[in-house]
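Peer 1: Next one to model:
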Amino acid sequence: DGRITVDTEFGVSNKAHTKGGSKMFLSDGSRVRVGDLLYGIIVQSGNDACIVVAEGLAGSEEAFARLMNQRAQALGMSGSNFANASGWPDPDHRMTVRDLAFLGQRIITEFPEYYPLFSVESFTWEGITQRNRNPLLGLGIGADGLKTGHTEEAGYGLVGSAVMEERRIVFVISGLPSTEARALEAEQIVNWAFRQFVEKKVLDGGTRVTAAPVWLGTETEVGLVTKEDVTLLMPALAQGTPQAEVSYSGPIEAPVSEGEEIAALTIKRPG
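Peer 2: Numbering: from 1, shown residues only. As a prediction, this is how the structure comes out:
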């Protein structure tokens with residue numbers, strides 16, 4: 001909303017400087033650009049960089065966590081509760097797999113100017129080069145994000161995304177016993193998603209599906225059409241024909257305007 005830019009500088013507190021775990025290795029008392037902090041967070045998984053941003057925006061990490069919870073609830077992330085800015089283990093810090101996937105999708109769609117940072121394979125700060133921990137980058141399978149994670153309780157996890165022929169997948173894995181197991185599982189799930197499922201267009205936009213009766217109108221019924229193309233994600237070897245049903249509250253009271261949404265189309269895939 002314009003309060004900060006990538007060139008805004010935030011100061012590094014002693015709390016941020018001394019934080020353990022993965023680090024950007026920020027110097028105590030230094031000032032760092034937000035643009036560099038984003039690289040430190042996304043590429044290097046820097047807990048220190050997360051705290052610097054939290055303190056810069058909200059005054060303290062605790063205050064920022066409260067803002068995170070408010071925003072999460074507003075977005076519908078009902079299975080999440082944040083106790084800090086970095087994901088540092090805490091009994092009150094929890095996210096569901098659903099919320100992780102939802103957040104990944106939001107980052108991709110809402111921040112296209114920043115999403116490419118997730119595919120940066122290494123970043124150097126103060127002479128220290130660290131590689132992106134995402135094991136899928138550089139494998140040639142379309143992976144371009146998002147973020148690894150690890151705690152003793154949660155194990156090794158990854159919120160990942162890949163795109164192939166304009167089709168994007170977002171996935172979450174968690175609870176793996178090692179970085180090697182995480183890398184193997186992540187690659188397998190990407191290959192499985194792209195090879196075992198296909199997108200099929202079942203209706204062109206504007207196709208008349210059925211008609212609904214109209215009450216007190218010059219016409220006795222109105223045609224119901226799809227607003228846009230309808231595509232389904234189907235198992236590649238799926239048998240049978242999708243079943244469709246249209247639901248609405250009728251009869252429809254006149255007048256009815258072209259383009260007005262008055263019905264729902266539900267398509268059920270075999271199985």
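Peer 1: What helices and strands are in contact with the longest helix seen in the chain?
Peer 2: In the chain, ranked by residue count with DSSP state H as the criterion, the top helix is helix 179-196. If contacts are counted by 3 or more CB pairs under 8 Å, 6 or more residues apart in numbering; DSSP states H and E, helix 179-196 sits against strand 155-164, strand 167-176. (C-beta placed from N, C-alpha, C; glycine too.)
Peer 1: Just say which of those strands is most tucked in.
Peer 2: Per-residue neighbour counts averaged over each of the helices and strands packed on helix 179-196 give the maximum for strand 155-164, namely a mean of 22 (mean count of other CB atoms under 10 Å).
Peer 1: now that one against strand 167-176, angle please.
Peer 2: 170 degrees (axes from the mean of the first three to the mean of the last three CA atoms, to 10 degrees).
Peer 1: Partner strands of strand 155-164 and their direction?
Peer 2: Partner strands and pairing direction for strand 155-164 (DSSP bridges) are strand 143-151 (antiparallel), strand 167-176 (antiparallel).
Peer 1: And the helices in this structure, which stretches?
Peer 2: Using DSSP H, the helices of the chain run over 14-18, 34-42, 47-58, 61-75, 97-110, 179-196.
Peer 1: Redo the ones you listed as a markdown table? Include distance to Arg168 and mean neighbour count.
Peer 2: What follows is the helices of the chain, written out as a markdown table (distance: least, CB to CB, whole Å; neighbours: other CB atoms under 10 Å):
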| stretch | distance to Arg168 | mean neighbour count |
| --- | --- | --- |
| helix 14-18 | 34 | 16 |
| helix 34-42 | 18 | 20 |
| helix 47-58 | 26 | 24 |
| helix 61-75 | 20 | 15 |
| helix 97-110 | 7 | 17 |
| helix 179-196 | 10 | 16 |
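Peer 1: Please name whichever of the ones you listed is nearest to Arg167.
Peer 2: Go through those one by one with CB to CB and the one that ends up closest to Arg167 is helix 179-196, at 7.5 Å.
Peer 1: Start and end of stretch 6-26, how far apart?
Peer 2: Stretch 6-26 has an end-to-end distance of 17 Å (criterion: CA to CA, to the nearest Å).
Peer 1: How about stretch 131-147?
Peer 2: By CA to CA, the extent of stretch 131-147 from end to end equals 13 Å.
Peer 1: try stretch 235-243
Peer 2: One end of stretch 235-243 sits 15 Å from the other (CA to CA).
Peer 1: Can you tell me what sits against it?
Peer 2: Here stretch 235-243 makes contact (CB atoms under 8 Å, 6 or more residues apart in numbering) with 195-198, 202, 232, 234, 267-271.
Peer 1: Mark which of these are buried, thanks.
Peer 2: 197, 202, 232 (16 or more other CB atoms under 10 Å).
Peer 1: I'd like to know how far Leu232 sits from Ser86.
Peer 2: Per CB to CB, to the nearest Å, Leu232 is found 39 Å from Ser86.
Peer 1: Equivalent analysis for Tyr114, please.
Peer 2: 18 Å.
Peer 1: Kindly report the same for Asp28.
Peer 2: In this structure, Asp28 and Ser86 are 17 Å apart, going by CB to CB.
Peer 1: likewise Met95?
Peer 2: Between Met95 and Ser86 the distance is 13 Å, computed by CB to CB.
Peer 1: Looking at the two, which is more packed in?
Peer 2: More crowded of Met95 and Ser86, by other CB atoms under 10 Å: Ser86, with 24 against 21.
Peer 1: Pull the contacting residues for that one.
Peer 2: The contact partners of Ser86, by CB under 8 Å, 6+ apart, come to 19, 21, 47, 50-51.
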